[in-house]
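Participant: Give me a 3D structure for the following:
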Amino acid sequence: MHTKELIFIMNKTKNIGVIFAGGVGSRMRSKEIPKQFLKVHDKPIIIHTLEHFEQNPDISDVVIACVEEWIPYLKKLIYKYRIEKVRKIVAGGKTGQLSIYNGLCAANEVAAGNEAVVLIHDGVRPLINSKLLSENINCVVKNGSAITAGIVKETIVVVDGKGCIEQVPSREQSRVAKAPQSFWLKDILSAHEKALSENKTDFIDSCTLMKNYGYTLYMVDGPYENIKITTPDDFYTMRAILDAKEDAQIYGFEGEN
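Facilitator: Take a look at the predicted model:
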């Protein structure tokens, strides 16, 4: 696709962040507050995440699927931190797949019949940047999908049910699937509805669901530090990375938003 065609399509398309914030923090051992609302640098993790979408000029709208009883609290945070692109907040479902589906249905309402790219992202994956979001959008417009990946720094092995190593894939050809995972809204909604018609509600992520239904998936390399804040170790890693960016000791410049 030529550059002029790409720019024309992007200008006619809504780009909607679909943020999944349905976790309750069991592995974080945070019994009183879901992990997405824990504070790092005196700011909730989900706000760190949302600010990347807020500040990227290519993102037109954001919808969030949230733990239902925490929606009023989330609304207060969005007002406090002036996150203005959030159009809808809906309750999450019983599984991650169902929560994302609820978010996609909200995105479909926001799109209001317009072509739309959706960037499906974890609320507890805040160490992304604006460049990555734009690259996801460009890749969807060009190829139909964009799965953010991380490079593999160690050898990966495939094992059977008994712990026997069956395969050692090439490290150069291996990646870790991360987020955002981005698609044309009509395609990902169609795949979700197909899954629901087959009573399948436990796909681990959008990448797995789309591959199951025969879609060709394309990769976008993301920053290595694009971790999901799931455990206490992740929490302290995030804090250390933000400290390093503030001090500009590692990067040698003020980090990109």
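Participant: What ranges does the stretch 1-150 of the chain have for its strands?
Facilitator: For the stretch 1-150 of the chain, the strands defined by DSSP state E, counting those that start in this stretch occupy 14-21, 39-40, 43-44, 61-66, 86-91, 116-122, 145-151.
Participant: tell me what the last one is packed against?
Facilitator: Right, strand 145-151. Packing partners of strand 145-151 (3 or more Cβ pairs under 8 Å, 6 or more residues apart in numbering; DSSP states H and E): helix 130-143, strand 175-184, strand 219-221. For glycine as for every other residue, the C-beta is placed from the backbone atoms N, C-alpha and C.
Participant: The second one now?
Facilitator: For strand 39-40, the packing partners by 3+ Cβ pairs under 8 Å, 6+ apart come out as helix 232-247.
Participant: so how far is the helix it packs on off the chain centroid?
Facilitator: Averaging C-alpha positions (Cα atoms, centre = their mean, to the nearest Å) puts helix 232-247 19 Å from its chain's average.
Participant: Give the buried residues for it.
Facilitator: Neighbour counts over helix 232-247 (16 or more other Cβ atoms under 10 Å) mark 234, 235, 238, 241, 242, 245 as buried.
Participant: Please apply the same query to stretch 118-133.
Facilitator: Neighbour-count burial for stretch 118-133 [16+ other Cβ under 10 Å]: 118-130, 132-133.
Participant: Among these, which one sits closest to residue 21?
Facilitator: Relative to residue 21, the closest of the buried residues of stretch 118-133 is residue 123; by Cβ to Cβ it sits at 3.4 Å.
Participant: Show me the beta-bridge partners of the closest residue to the closest one other than its chain neighbours.
Facilitator: If the residues on either side of it in the chain are set aside, residue 123 comes closest to residue 21, at 3.4 Å by Cβ to Cβ, 6 or more residues apart in numbering. Counting by DSSP bridges, residue 21 forms beta bridges with residue 66.
Participant: Let me know the distance separating residue 21 from residue 46.
Facilitator: 6 Å (Cβ to Cβ, to the nearest Å).
Participant: wouldn't residue 128 be in contact with residue 225 here?
Facilitator: No - using Cβ atoms under 8 Å, residue 128 makes no contact with residue 225, being 9.1 Å away.
Participant: For the buried residues of stretch 118-133, work out which two are farthest apart.
Facilitator: Maximum pairwise distance in the buried residues of stretch 118-133, criterion Cβ to Cβ, is 20.8 Å, between 118 and 127.
Participant: quick one: pLDDT of the residue nearest the centre of the chain?
Facilitator: By Cα atoms, centre = their mean, the chain has its centre lying nearest to residue 121, at 1.5 Å. Here, the pLDDT recorded for residue 121 equals 98.
Participant: residue contacts, it?
Facilitator: Residues near residue 121 by Cβ atoms under 8 Å, 6 or more residues apart in numbering: 17, 18, 19, 20, 49, 53, 128, 179, 180, 181.
Participant: Over to residue 209?
Facilitator: Contact analysis of residue 209 by Cβ under 8 Å, 6+ apart lists 97, 191, 192, 195, 203.
Participant: From residue 61, how far off is the second one?
Facilitator: Read that as residue 191. Distance, residue 191 to residue 61, by Cβ to Cβ: 21 Å.
Participant: Dihedrals phi and psi, residue 169?
Facilitator: The phi/psi pair for residue 169 (degrees, to the nearest 10) reads phi -60, psi 150.
Participant: Name the nearest residue to it, ignoring sequence neighbours.
Facilitator: Spatial nearest neighbour of residue 169, chain neighbours left out: residue 156 (5.4 Å); criterion: Cβ to Cβ, 6+ apart.
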